[in-house]
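[1] need a 3D model of the sequence below.
(one chain, ligands or ions: 1)
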Amino acid sequence: MSFLKKTILKLVGRRKIEFLRSKPFLVHGKYRTLINDLEKYSDIITRSTGVDTAVSLLMVRKFGHILDKGLQRSDLERGHSGSIAGELKKHIEIAEKEFSDDPTLLWAKEKLELYNELQVNGLVTIKEQHPEPCGISLNDFALLLRNRRSNRSFQRRVVSSELIGQLARTVNWAPSSCNKQPIVLFATTDPELARECLKCCKGGTGFSDFVPVFVSFTADMRGYYLPDEAYVPAIDVALGVQNFLLSAELTGLSVTTLSWALKDIGDETRLRELLSIPEHNQIIINVVLGYPEKHSEAPVRKGPEHSLFLKGKVR
Ligand SMILES: Cc1cc2nc3c(=O)[nH]c(=O)nc-3n(C[C@H](O)[C@H](O)[C@H](O)COP(=O)(O)O)c2cc1C
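    Next comes the predicted model:
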């Protein structure tokens, strides 16, 4: 430790220094940006909760999920989760003003009805679903995983918006925290606009001139507790991205992900403008896609000896 540091420590004291270090004016610029972002989204959440129908729809899914989870318990009995049911009822009433036909709202209403029936009768019949066999073997699925590649040169062939719509439907089938289904895609199938969007991404180098489609994967931030859940939007979105990538592979399209970690304020403003991304959607990652000109060779993957550590009795 330098003489200067030691002197400051002695004069001011460690506790005071720790306190001062936590103050915003002493936070390093990069951390400040992260904190600013979190504060911005926190403000947006506070402003919109209880008044915005779209936010209430997120909450409907969340409280519907909590109630549903309770209804599936093997030790199910009446007299629990009254406050959750109250929240769900409140948000259903707000969301219904605009989204009365929304399938997730109808689903949550059904759960609330079941819950109410349980409180009155002391028992309810909970439906079970027997999934249809999908007929895909683990070997076939592993082949799909291995065939997916980040290609960066695309054929001069447009991709239909309809196909992008089909792929978009796969993303919210990923698991999501409290079933909020927060992923929203902002996309263009116009190659000129896609090219402009790509320019906003620092990692957008080495691509062909022709880029058929650009998609920004965002999380609707209005359903999260911040700062506690600061990392959760990225997890929710990443799970949906993989659905999109693998589904695209099945259609002959190739998708390359583009990091958004190194964006600066100019990139953020420009991309939001180009794709009309609202302020309550956090951009998590972007992708470009098209029909690949060639399949690049796969980077070799590390083996399980470096990625799996089992403990306990070997079975
Ligand atoms: C979070 C994330 C960020 C990435 N960012 C970029 C990027 O900015 N530019 C790029 O060309 N590729 C990017 N990639 C693609 C990776 O380079 C690629 O997935 C990796 O090299 C493995 O190759 P494969 O996808 O063909 O299997 C990114 C991938 C991930 C998951």
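[2] tell me the pLDDT at the residue nearest to N147 when sequence neighbours are not counted?
    In space, N147 comes closest to E249 once its chain neighbours are excluded; the distance is 6.0 Å by C-beta to C-beta, 6 or more residues apart in numbering. To be clear about C-beta, it is placed using only N, CA and C from the backbone, and glycine gets the same treatment. Note for E249: predicted pLDDT of 97.
[3] over to the one 3 residues further on?
    The model reports G252 with a pLDDT of 97.
[4] and it, how close does it get to V159?
    10 Å (C-beta to C-beta, to the nearest Å).
[5] can you check G223 too?
    G223 is 30 Å from V159, where distance means C-beta to C-beta.
[6] ok, now N286?
    Applying C-beta to C-beta to N286 and V159 gives a distance of 16 Å.
[7] neighbour count winner among those two?
    Shown here are N286 and V159; by other C-beta atoms under 10 Å, N286 has more neighbours (27 against 20).
[8] part of a strand, is that one?
    Yes. Assessed by DSSP: H, G, I helix; E, B strand; the rest coil, N286 belongs to a strand.
[9] which residues touch it?
    By C-beta atoms under 8 Å, 6 or more residues apart in numbering, the contact set of N286 is C197, C200, C201, F214, V215, S216, F217, T257, L258, W260, L271.
[10] quick check, pLDDT for D52.
    At D52, pLDDT is 91.
[11] from what I see, it and R222 are in contact.
    Yes. Between D52 and R222 there is a contact under C-beta atoms under 8 Å: 7.2 Å.
[12] show me which of these two is the more surrounded one.
    R222 (23 against 19).
[13] for the residue most central in space within the chain, which non-adjacent residue is closest in space?
    By C-alpha atoms, centre = their mean, the chain has its centre lying nearest to V237, at 2.2 Å. Nearest residue to V237, sequence neighbours excluded (C-beta to C-beta, 6+ apart): I284, at 4.1 Å.
[14] contacts with the ligand among the contacts of N286, please.
    When contact is defined as C-beta under 6 Å from any ligand atom, these meet the ligand at T257, L258.
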